[in-house]
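Trainee: Just to be clear, the model below is a prediction. Sequence and coordinates:
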Amino acid sequence: MILELAALATLLAGTTSPNQPKPNVVIVTARDFSLEIPASIPAGVTTFKLVNKGKLAHHVMIVRLDAGRSAAEALKVVMSVGRAPRPEWMHPVGGPQAVTPGIEGNATLILEPGNYLAFCEVPGPDTTAHYMRGMAKAFTVTGPPRAGTLPAADVALSLTEYDFAFTTPLTRGRHVVAVTNRGSQAHMVVLTRFPPGKGTADFLAWAKNPQGRPGPGTTMGGVTEIPPGATVTFTRNFIPGHYGMICFTPDAKDGKPHFMHGMQKEFEVR
């Protein structure tokens with residue numbers, strides 16, 4: 001327990017120093033239905049900044065591919081299996097989770113050299129995932145691996161089977177949130193701020209059948225799928241209200257999305 005608390009304190013305090021280089025910032029522009037992302041990105045600590053210029057919510061799912069595998073090959077797999085478990089040579093590394101049009105999202109992670117595929121899985125205006133409409137992009141991470149440190153976080157969020165747990169309640173204002181997958185499967189976190197009278201059940205009902213409508217509430221980012229043991233940070237200014245967290249990752253055992261195993265939670269920001 002003492003070691004766990006010490007590790008958590010280190011995560012929240014961060015280990016950045018004046019000599020630590022700042023993350024490389026990569027702008028990703030989302031439209032209906034395309035992603036604009038640099039074809040080449042240097043390895044190391046990288047902040048993906050998602051700018052949504054579309055009329056629908058979008059996110060950036062990022063997967064690193066094993067040597068000898070191409071983005072075109074990976075996209076064929078995604079087109080074929082959808083949200084079902086994908087081959088072991090496709091490694092989710094996280095990215096900016098869905099944001100409502102006009103809102104920017106971000107995610108900071110450490111990129112390793114290799115070939116990558118970025119795509120959007122959000123449904124709408126029907127149940128068709130956006131990558132089926134051409135919303136996918138390949139890029140390469142170049143150069144030798146670079147050591148680095150993620151931004152210092154003031155809030156930590158743990159993902160497990162099948163739960164979300166903050167180290168401290170979220171309060172209004174700007175927070176840097178460190179999202180760590182402490183489970184044995186990949187997980188994600190979708191953050192939504194709901195209008196009065198709405199909640200997670202309404203969001204899930206919409207996701208099953210959008211019918212050309214925007215989702216209930218304001219999608220406010222989070223982190224797309226990350227593997228066990230990984231940590232990705234994101235920064236967000238939280239305004240007071242009723243929020244929800246949801247994981248859509250399919251379960252490794254039965255293929256059902258994790259929210260069907262209870263991985264959904266509502267909370268208040270005051």
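Mentor: Cool, the structure landed. Numbers count the residues shown, from 1 in each chain.
Trainee: Helix, strand, or coil at residue 170?
Mentor: What DSSP: H, G, I helix; E, B strand; the rest coil gives for residue 170 is coil.
Trainee: Heading C-terminal from the helix or strand harbouring residue 110, find the next helix or strand.
Mentor: Using DSSP states H and E, residue 110 maps to strand 104-111. Per DSSP H and E, the first helix or strand lying C-terminal to strand 104-111 is strand 114-119.
Trainee: Helices of the stretch 1-150 of the chain, start to end?
Mentor: 2-13, 71-81 (DSSP state H, counting those that start in this stretch).
Trainee: Would you single out the least confident of those helices?
Mentor: Among the helices of the stretch 1-150 of the chain, helix 2-13 has the lowest mean pLDDT, at a mean of 41.
Trainee: contacting residues around the closest residue to residue 180 other than its chain neighbours?
Mentor: Taking Cβ to Cβ, 6 or more residues apart in numbering, and ignoring the residues beside it in sequence, residue 180 has residue 231 as its nearest neighbour in space, at 4.5 Å. Just so you know, the C-beta spots here come from the backbone N, C-alpha and C atoms, and that holds for glycine as well. By Cβ atoms under 8 Å, 6 or more residues apart in numbering, residue 231 lies in contact with 11, 150, 178-181.
Trainee: mind checking pLDDT for residue 231?
Mentor: 98.
Trainee: Quickly note the distance from it to residue 69.
Mentor: Per Cβ to Cβ, to the nearest Å, residue 231 is found 25 Å from residue 69.
Trainee: quick one on the thing from earlier: kindly format the C-alpha coordinates of the strand holding residue 110 as CSV.
Mentor: Taking Å, rounded to 0.1, in the frame of the first residue of the first chain, the C-alpha atoms of strand 104-111 are listed here in CSV:
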residue,chain,number,x,y,z
GLU,A,104,-11.2,21.2,-28.8
GLY,A,105,-9.9,18.0,-27.4
ASN,A,106,-6.4,16.8,-26.5
ALA,A,107,-4.3,13.9,-25.4
THR,A,108,-0.6,13.6,-24.5
LEU,A,109,1.2,10.4,-24.8
ILE,A,110,4.7,9.0,-25.7
LEU,A,111,5.0,7.9,-29.3
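Trainee: on contacts alone, who are the packing partners of it?
Mentor: Judged by 3 or more Cβ pairs under 8 Å, 6 or more residues apart in numbering; DSSP states H and E, strand 104-111 is in contact with strand 44-52, strand 218-226, strand 231-238.
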